[in-house]
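show me how the following folds:
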Amino acid sequence: MKGWLTKGVAPDAVGRMVLEAMLENRRYVHTDRKMITPIEARTRALLAAMPAEPVAAVDSPVPG
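Below is the predicted model of the structure:
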């Protein structure tokens, strides 16, 4: 882990990123683009799992 951390973004740069995100009410802070492929894949999977049509509300009568 130590070797992995030594190749990362400098702590001061991360601090600036975090402060900027907090001031802008952003929920996520990415220090680089290494995770873009897994994030894109996860996003596609989440969107694919959504129903194509709106689903009836819980208190709506069931058709049939």
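
residue 32 and residue 46, how far apart?
Counting by CB to CB, to the nearest Å, the gap from residue 32 to residue 46 is 22 Å. To be clear about C-beta, it is placed using only N, CA and C from the backbone, and glycine gets the same treatment.

what ranges do the helices span in this protein?
2-6, 11-23, 36-48 (DSSP state H).

out of these, which is closest to residue 55?
helix 36-48 (15.6 Å; CB to CB).

list the helices and strands that closest one packs on?
With contacts defined as 3 or more CB pairs under 8 Å, 6 or more residues apart in numbering; DSSP states H and E, helix 36-48 has no helix or strand neighbours.

when you give positions from now on, start the count at 17
In the new numbering, first residue 17, that becomes helix 52-64.

just the C-alpha atoms of it, please, in PDB.
Taking Å, rounded to 0.1, in the frame of the first residue of the first chain, the C-alpha atoms of helix 52-64 are listed here in PDB:
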ATOM      1  CA  ILE A  52     -13.200   6.100 -15.000                       C
ATOM      2  CA  THR A  53     -13.700   2.700 -16.700                       C
ATOM      3  CA  PRO A  54     -15.200   1.000 -13.700                       C
ATOM      4  CA  ILE A  55     -17.300   4.000 -12.900                       C
ATOM      5  CA  GLU A  56     -18.700   4.100 -16.400                       C
ATOM      6  CA  ALA A  57     -19.400   0.400 -16.300                       C
ATOM      7  CA  ARG A  58     -21.200   0.700 -13.000                       C
ATOM      8  CA  THR A  59     -23.200   3.700 -14.300                       C
ATOM      9  CA  ARG A  60     -24.300   1.700 -17.400                       C
ATOM     10  CA  ALA A  61     -25.300  -1.200 -15.200                       C
ATOM     11  CA  LEU A  62     -27.400   1.000 -13.000                       C
ATOM     12  CA  LEU A  63     -29.200   2.600 -15.900                       C
ATOM     13  CA  ALA A  64     -29.800  -0.700 -17.600                       C
END
